[in-house]
Each structure stands twice: as C-alpha cells, then as structure tokens.
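**Student:** Sequence first, predicted coordinates after that:
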Amino acid sequence: MNRIGEKLVIATHNEGKLREIRALMEPLGIACVGAAELGLPDPEETGVTFVDNAELKARQAADLSGLPALADDSGLSVDALQGDPGIRSARWAEDADGNRDFNRAMKKVWDAVEARGEDAGHDAHFVCALSLAWPDGRVESFEGKVHGTLTWPPRGDKGFGYDPMFIARGMDRTFAEIDPDQKHAISHRADAFDKLVTWLKS
Ligand SMILES: O=c1[nH]c(=O)c2ncn([C@@H]3O[C@H](COP(=O)(O)OP(=O)(O)OP(=O)(O)O)[C@@H](O)[C@H]3O)c2[nH]1
Ligand SMILES: [Mg+2]
C-alpha cells in the first residue's frame, strides 16, 4: 500500500460514492479525505469514456492538493439504449438548473426502454472506472462492471442513483434493497476496486 501512503483524496462530490469508497479503502489503513472537504472544484467531465473522466477528475485533485487522488466515473449502461445513459448518467438526472432527481432519471430510462418495444429487453450493466493519480503525473486506471436487469417500479431506499431499478444477475432484489455489504461484494465499484487492490499489492 506504500504506493499511496497514508492519506488519499477521494476526488468525488457524490456522497454515495464517497461512502462506498471509504468503506472499501479504510480497511486497508488508508485515511480518505473527500474533495468537498478540501474545497476542491468539481471539474467539467469532457471525456468520451468512463476512464477519460475518472482520469481528469483524479488528475485535477492530485495537482491541486499535492496528495495522491482517487476518482470514480461510473454509470448505468442499458443494452436497449445502445449504452445510454452511460457516461451521461448524472446528466440524465439534472434539470435546467443542474439539480439532480434520480426518480426523474429512472423514469426517463424506463420510458426510453419501453419505447423500444417488447423485444428490446431489460439487460443493463453498471460500469465503474477508478483512476489513481499522483502529484508527479503518474496515473493508473481500473474498470469494473456488474451485469443485471432493469425493473419497474423502483424498489428500496438503500444505495443511491439508479440502484432502485437495478437487479444484479442471480439476485431477486434491487441494489437499493440489499445491504451495503452485499452490494460491495458484487458491484461495479467493488470489481474495479479489486483490480486496484491487486495492482497495489503487486
Ligand atoms: O444506482 C447507482 N448505483 C451506483 O453504484 C452508481 N454509481 C454511479 N451511479 C450513477 O452514475 C452517475 C455517475 O456520474 P459521475 O461518475 O459523474 O458521478 P457524480 O457526478 O455523481 O460525482 P463525481 O464523482 O463526478 O463528483 C451518477 O448519476 C450516479 O448516481 C450509480 N448509480
Ligand atoms: Mg460527475
């Protein structure tokens, strides 16, 4: 773990992600500080892939803080929608003033899938890109996925974002109905995190 040291900036302004990344990182003995706590800005996500965006968020936080930084870019990719909302998952939840409402976003996803007709199916997956950046310019990225299906109406009040409408393969409850520990065992974020930890230990 000495590739990181003892303190890591978590370059996210999303409380749900921060909570999940802290839970994954702190057992490794690495203290995490959120970007908002350090007053770091929320950069514009101009990339065209999850990794592009994770790298630009991590890069900016490492440059501004002088500490190693970990960023997460993630989203829901729906087969019937050719991968949308994908890297625009947060933007699908925003109104004209930039306020997010995931009940609205989930309805938008469901309506778009239904508009494709019965044959389109409900397969979807979450993707998570994690990027670690250092103040000296190094960057390493890892990508994870979890496959599943969409359900309607949304169920559960745990998790965040699109969790209430996503059922991982092999489960019968949504990501918002299961306990955080169960989500952490199989999620896209846990998959990317496993790859990151394997690399850290190598
Ligand atoms: O149901 C969900 N379960 C998850 O486990 C999950 N992970 C990500 N997402 C959604 O995908 C978008 C990411 O956008 P995103 O990577 O730009 O993050 P963000 O803008 O919220 O924060 P930041 O890290 O950029 O500061 C956001 O809408 C998230 O709600 C999830 N939804
Ligand atoms: Mg974002």
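**Tutor:** Nice, I can see it. Keep in mind that this is a model prediction, so the values were computed, not measured. Numbering: from 1, shown residues only. Ligands and ions are numbered 1, 2, ... in the order given.
**Student:** Could you tell me how far the closest residue to A80 other than its chain neighbours is located from G83?
**Tutor:** Of all residues not flanking A80 in the chain, A120 sits nearest, at 3.7 Å (CB to CB, 6 or more residues apart in numbering). Glycine gets a C-beta too; all of them are placed from N, C-alpha and C. Distance, A120 to G83, using CB to CB, to the nearest Å: 13 Å.
**Student:** Check E20 too.
**Tutor:** 23 Å.
**Student:** neighbour count winner among those two?
**Tutor:** Between E20 and G83, counted using other CB atoms under 10 Å, E20 has the larger neighbour count: 23 against 16.
**Student:** That one and R189 touch, don't they?
**Tutor:** Yes: counting by CB atoms under 8 Å, E20 touches R189, with 5.7 Å between them.
**Student:** contacting residues for L130?
**Tutor:** Residues counted as contacts of L130 (CB atoms under 8 Å, 6 or more residues apart in numbering) are A54, L70, A71, D72, S141, F142, E143, G144, R189, A192, F193, L196.
**Student:** In ChimeraX, how would I select the buried members of those residues?
**Tutor:** Those of the contacts of L130 that count as buried under 16 or more other CB atoms under 10 Å are selected in ChimeraX with:
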select :54,70,71,72,141,142,143,144,189,192,193,196
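**Student:** From the contacts of L130, which land in strands?
**Tutor:** Judged by DSSP state E, strands contain the following of the contacts of L130: L70, A71, D72, S141, F142, E143, G144.
**Student:** among these, which are in reach of ligand 1?
**Tutor:** D72 (CB under 6 Å from any ligand atom).
**Student:** Could you pull up the contacting residues of R116?
**Tutor:** Counted by CB under 8 Å, 6+ apart, R116 has contacts A80, L81.
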